Each structure stands twice: as C-alpha cells, then as structure tokens.
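[1] sequence first, predicted model second:
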Amino acid sequence: MKITNICCIGAGYVGGPTMAIIAQKCPHIKVTVVDLNEDRIARWNDTNLDNIPVYEPGLGTIVGESRGKNLFFSTQVDKAIDEAQIIFISVNTPTKTYGSGKGMAADLKYIELCARQIARVSKDDKIVVEKSTLPVRTAEAIKNILDNTGNGVQFQILSNPEFLAEGTAVEDLLKPDRVLIGGDTTPEGQKAIKALVDIYANWVPNDKILTTNVWSSELSKLTANAFLAQRVSSINAMSELCEKTGADVNEVARAIGMDSRIGSKFLKASVGFGGSCFQKDILNLVYISKSFGLHQVADYWEQVIIMNDHQKRRFSKNIVSTLYNTIADKKIAFLGWAFKKDTNDTRESAAIYVADDLINEQANIAVYDPKVTHTQILSDLDYLETRTTDQNKKFITSFNDPYEACKNAHAIAILTEWDEFKEYDWQKIYDSMLKPAFVFDGRNLLDGAKLKAIGFQYQEIGS
Ligand code: NAD
Ligand code: UGA
C-alpha cells in the first residue's frame, strides 16, 4: 500500500514534533495534525515560529520548512480522519483522578473517544497507530470499539510507542535508538506493519526498526520508562547514603558508570525526576501488576515512586533546616521551573512540589525560568489544590531577569539544569543577596568550589 496521507490526533509534545519530522523526511506524504484545543492549533500555525506551543531546540525551523506544504495543523478532526490512510493516536493518557484505579490506572477516556470518532467517520480501510503510551492490551479494546461501531470498514491496529525525551526530541526523532512497531501476525497485520515500516525507512536504518507482536510493543514502552526512572531513583537513594558517609555521589556515579554493563547515562543524582510520563507510567505498571494479583511485582516498581517523592521532600526539608528552621517571609529564589532543561514543559516538575512545601512554611518564592510563564507556574500550583489561587499569588512571583529574582534573597534553589545558569556572574548575584547566602543545587549543576570561594554556602545533592 502506498501511503500518501496520514493524520495524527493530538498536537502535543509527541504529536507535534513526531509529525514535523515525518513531514520533513517524507515530502510525498501529506501530514495533518489535529487537536480539539483551538489555542494550541493556532499557536502551531503562528507565523512567528518562536510561538509554537512546544519548545524544543531546532523544532521551529523544521516546522517552518514543511508547514503549509505537506504539514498542516488543524481542528478539523473528522476531515483529517476521513482523508487519512494511517491515523496516529497521540492524545494524553494521564493517571485517573476518579473512580476505580484512581491515582494509578491510565485514564483511557481520550483514547476511547478517538476510537469512537475514527469508527464513526471512516469510510474506507484504515491503519490506526497507538502512539500514546498505553497499558498492555489496550489495542484489544480499541479494536473492539472500531469493529463493533464502525461502518464495516477494516481496521488494523498497530502499537508504535514513542521514545523521544523532551529537550532532545528533534535529535531523538532524527536518530532514534530504535523504532518499535507491534502488529498482528495475520497477513493483514503484517501488511499494516510494512506500511508503517516503509514510512520510517525514509530516514531510519532498517536494523533500528524493530517489529514485534502488539502486546510486547505496548509493554516494552512501560518497561523502558520504568527502567529509566528506576536508575534515577537508584542513584538518588545512594545520594542520601553519600551525604551520611562522606562519599560523593558524582564520584560514585562515575565509578559505576565506567562498568560497561551499567553504563554512564541516566545516573545523575537530582532533586527527583519529573515529567508527564515516568510517574504515570510506573503507576500504570503497578496497577496492571496488582490487577493480575502480582503484588510483589507491583511493590517492587512502586518503590521507584516512593523514593522519588522522598527525594523531593528531603530537598525542601533540608532548605528549611539549613535556614535555621524558619523560612517564613524569607525570599527564596528558584532558578528553573521546567522538569528538565531545553523544554517549556512543567508537568510533574520537582520545582512544583518543592515550592509547595516551602510555601507551606510561608516562604516567598521568586522564580526565574527562561521558558516558563508566570501563568503556567500559578496553574501548576493551583493544580495541587493545597491553596487558593489568591493565596498562591501572595507567595510566588516570577522574574524575566535572573539577577532580579536573586536580589535580596536568603537562598537560591537550582531546580532545572539550564545551561545558562552556569554562565551567570555569580559574584554579582552573591553581592545582591542577604548573608549568609545559600545555594541549594538540586541538579549538581554549578561549580561548587567556585561558589564557595565567592562566599556562598553551597550544597549539592549527595555530597
Ligand atoms: P499532550 O497533553 O502534550 O498532548 C495531547 C493532546 O491531545 C492535547 O493537546 C489534547 O488537547 C489532545 N487531545 C486529547 N483528546 C483529543 C481528542 N479526542 N481529539 C483531538 N485531540 C485530543 O501529551 P503528550 O506529552 O504529547 O503525550 C501524548 C502521549 O504520548 C501520552 O500517552 C504520553 O504518555 C506519550 N508520550 C509522551 C512523551 C513526552 O515526552 N511528552 C514521550 C513519549 C510518549
Ligand atoms: C522520558 C524518557 O527518557 C523517554 O524515552 C520517554 O519517551 C519519555 O520519558 C516519555 O515516555 O514521556 P522525558 O521525561 O522527556 O523522557 O525526559 P528524561 O530525560 O527521561 O528525564 C526525566 C526526568 O528525570 C527529568 O526530570 C530529569 O531531570 C530526570 N533525570 C534524568 C535525572 O534526575 N537524572 C538523570 O540521570 C536523568
């Protein structure tokens, strides 16, 4: 089957960048990205490429190259579904906040809505691709809906999970470690797999395109995220032990990382992992394990989350105890709010939880983040429902200038590892702060020796 028209439902952090790369690499394919969120689509169509809703290094240029040629952003979901041969579902799959499985299971209501819409609109055979991260065996539910509510057309369901990391999405999409495609073993399933393989083969070497059955593909995505998050929790667990014993977690990470069986990546101790996916996907894995009665398996993975929560809490507790057990009315500057550098995404960022703890102690938080707006920061705090918006507004301010954020502060907390923080004039910052001036480096980012020489009381994680 020659594919010339695809659509993607969901113009978020995955749908937008993924489709921009497919459009760039496959000029013969018309790619339409649709979303219900009108504001988001308007921003994807903004003539000023700095305003597209997802900040990723290099993404603006790539969108600019194809947009209006073979890449389109639209709110006309039915039309895009009708015209497409392949439909990617890339909508959000957050943790359920109600009913059975609340706080653990993935909320599949957006996925089901998409399936019903595809079934209603489709007039010819379609390949439906799960791009969102889903619990294992979701394809079964999607197929059931499509086959029983559709117009008698044939649907093939493929699982094609996305492994990009935010901040490096363009690079990850251009040079993926692997592309995973799961499909049915039937001849029709194999034909569908081939159609999707042929798209990726436009830029991904064949030996990096892996095909499996649907269930292996779905479960591999959850497993990959669980393993990655587990490494962060493992090194963070060690960071606390390092602090008690005089060992230095940076040195320990380096020493173990040189063992080729362990490897050096993803061993950076931090204030805790954030992002929309690690926690959600592990909770989902825990829920699935429990639902099969696999309680030891569930407990094993849940510990990764427990450790991460502990790490965030421990960071804020340490700020309070170091500042003489009272931070009421003290100004604490936050450098960084995003969950990692090079993204404007703040979902589940450790900064939110640390700020919440410190506001409970009535500290005044002054935030500077190069890509996050004050509205976003307030909405992140409101989402926790600890306080009203008006109460949050009293305790949190944002600055466009990092030096202003730090001026007259008692302490600075580094919450995101933005490169620019390393380049600041730290002497100037020190001079403008109240003394003693503290830096709590939640990312082990700055040169501690240099800061101490200036006069800062500098603390990093795990030493
Ligand atoms: P997102 O919230 O940024 O984007 C999802 C979009 O889907 C939203 O804009 C929403 O309006 C839209 N949407 C929801 N229901 C819709 C419907 N019925 N019709 C049209 N649009 C609809 O989410 P995201 O970060 O892009 O994540 C999407 C999926 O990809 C999730 O399952 C996530 O676990 C997975 N994933 C995310 C990342 C990442 O880095 N963010 C990486 C790999 C996988
Ligand atoms: C992660 C995975 O890396 C992607 O492969 C996956 O596709 C994605 O989740 C997803 O499914 O959403 P992402 O969350 O965007 O990507 O970013 P990561 O680089 O994995 O970082 C996650 C969090 O862990 C960040 O808060 C980061 O600062 C933290 N981290 C990461 C550490 O604290 N230490 C490390 O060594 C690495």
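    Received the coordinates, thanks. Ligands and ions are numbered 1, 2, ... in the order given.

[2] please count neighbours and contacts with C-alpha atoms only from this point.
    Fine.

[3] tell me how far the host helix or strand of Gln190 is from the chain's mean position?
    Per DSSP states H and E, Gln190 falls inside helix 187-200. The chain centroid and the centroid of helix 187-200 are separated by 28 Å, computed with C-alpha atoms, centre = their mean, to the nearest Å.

[4] buried residues in it?
    Gly189, Gln190, Lys191, Ala192, Ile193, Lys194, Ala195, Leu196, Val197, Asp198, Ile199, Tyr200 (16 or more other C-alpha atoms under 10 Å).

[5] so the fourth one makes contact with Phe155?
    No: distance between Ala192 and Phe155: 9.6 Å, which falls outside the contact criterion (C-alpha atoms under 8 Å).

[6] joint contacts of those two?
    Common neighbours of Ala192 and Phe155 (criterion: C-alpha atoms under 8 Å, 6 or more residues apart in numbering): Ile127.

[7] what's the angle between the strand or helix carrying Phe227 and helix 187-200?
    Phe227 is part of helix 214-245 when elements are defined by DSSP H and E. Interaxial angle of helix 214-245 relative to helix 187-200 (axes from the mean of the first three to the mean of the last three C-alpha atoms, to 10 degrees): 50 degrees.

[8] next helix or strand past helix 214-245?
    Counting by DSSP H and E, the element after helix 214-245 in chain order, helix or strand, is helix 249-257.

[9] show me what that following helix is in contact with.
    So helix 249-257 is contacted by 235, 238-239, 242, 262-265, 267-269, 461-463 (C-alpha under 8 Å, 6+ apart).

[10] whichever helix or strand comes after that helix - what's its average pLDDT?
    As assigned by DSSP H and E, the chain's next helix or strand after helix 249-257 is helix 278-291. On average, the pLDDT along helix 278-291 is 96.

[11] related to what we said a few turns ago, mind checking which of the contacts of helix 249-257 are buried?
    Buried members of the contacts of helix 249-257, scored by 16+ other C-alpha under 10 Å, are Ile235, Met238, Ser239, Cys242, Leu267, Lys268, Ala269, Ile461, Gly462, Ser463.

[12] and the strands in the stretch 301-450 of the chain?
    Here the stretch 301-450 of the chain has its strands, by DSSP state E, counting those that start in this stretch, at 331-335, 364-368, 396-398, 411-414, 438-441.

[13] export those to a markdown table and tack on mean pLDDT?
    Output for the strands of the stretch 301-450 of the chain, formatted as a markdown table (pLDDT from 0 to 100):
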| stretch | mean pLDDT |
| --- | --- |
| strand 331-335 | 99 |
| strand 364-368 | 98 |
| strand 396-398 | 98 |
| strand 411-414 | 98 |
| strand 438-441 | 98 |
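
[14] now these in TSV, with mean neighbour count and distance to ligand 1?
    TSV is the format used below for the strands of the stretch 301-450 of the chain (neighbours: other C-alpha atoms under 10 Å; distance: least, C-alpha to the nearest ligand atom, whole Å):
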stretch	mean neighbour count	distance to ligand 1
strand 331-335	26	22
strand 364-368	25	23
strand 396-398	20	24
strand 411-414	25	22
strand 438-441	24	25
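
[15] adding distance to ligand 2, write those out as JSON lines.
    Below are those laid out as JSON lines (distance: least, C-alpha to the nearest ligand atom, whole Å):
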{"stretch": "strand 331-335", "distance to ligand 2": "14"}
{"stretch": "strand 364-368", "distance to ligand 2": "17"}
{"stretch": "strand 396-398", "distance to ligand 2": "21"}
{"stretch": "strand 411-414", "distance to ligand 2": "12"}
{"stretch": "strand 438-441", "distance to ligand 2": "12"}
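
[16] take those strands and write them to CSV, including distance to Asn144.
    Formatted as CSV, the strands of the stretch 301-450 of the chain follow (distance: least, C-alpha to C-alpha, whole Å):
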stretch, distance to Asn144
strand 331-335, 48
strand 364-368, 48
strand 396-398, 48
strand 411-414, 48
strand 438-441, 50
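
[17] overlap between the contacts of helix 249-257 and the residues near ligand 2?
    Counting by C-alpha under 6 Å from any ligand atom, the subset of the contacts of helix 249-257 that neighbours ligand 2 consists of Leu267, Lys268, Ala269.

[18] next one: phi and psi at the nearest residue to Lys435 once chain neighbours are set aside?
    Leaving aside its sequence neighbours, Lys435 sits nearest to His410 (C-alpha to C-alpha, 6 or more residues apart in numbering; 6.9 Å). Note on His410: its backbone torsions stand at phi -80, psi -30 [degrees, to the nearest 10].

[19] which ones are touching the nearest residue to Thr397 once chain neighbours are set aside?
    Distance criterion C-alpha to C-alpha, 6+ apart; nearest residue to Thr397, sequence neighbours excluded, is Ala366 at 4.9 Å. Counting by C-alpha under 8 Å, 6+ apart, Ala366 touches Lys331, Ile332, Ala333, Phe334, Ile396, Thr397, Ser398, Phe399, Ala405, Cys406.

[20] go again using 10 Å as the cut-off
    Shown in contact with Ala366 (C-alpha atoms under 10 Å, 6 or more residues apart in numbering): 331-335, 355, 395-399, 402, 404-407, 409, 412.

[21] what's the distance between the residue sitting furthest away from the middle of the chain and ligand 1?
    The centre of the chain is farthest from one residue, Gly152, which by C-alpha atoms, centre = their mean lies 37.5 Å away. Look at Gly152 and ligand 1: by C-alpha to the nearest ligand atom, to the nearest Å, they are 22 Å apart.

[22] element containing that residue?
    Element membership for Gly152 (DSSP H and E) is empty, with no helix or strand holding it.

[23] so who does it touch?
    Ala119, Ser122, Lys123, Asp124, Asp125, Leu146.

[24] cool, and Asn70?
    Residues in contact with Asn70 (C-alpha under 10 Å, 6+ apart) are Asn5, Ala20, Ile22, Ala23, Gln24, Cys26, Pro27, His28, Ile29, Lys30, Val31, Thr32.

[25] return the subset of those residues lying in helices.
    Of the positions in these, Ala20, Ile22, Ala23, Gln24 sit in helices, assigned by DSSP state H.
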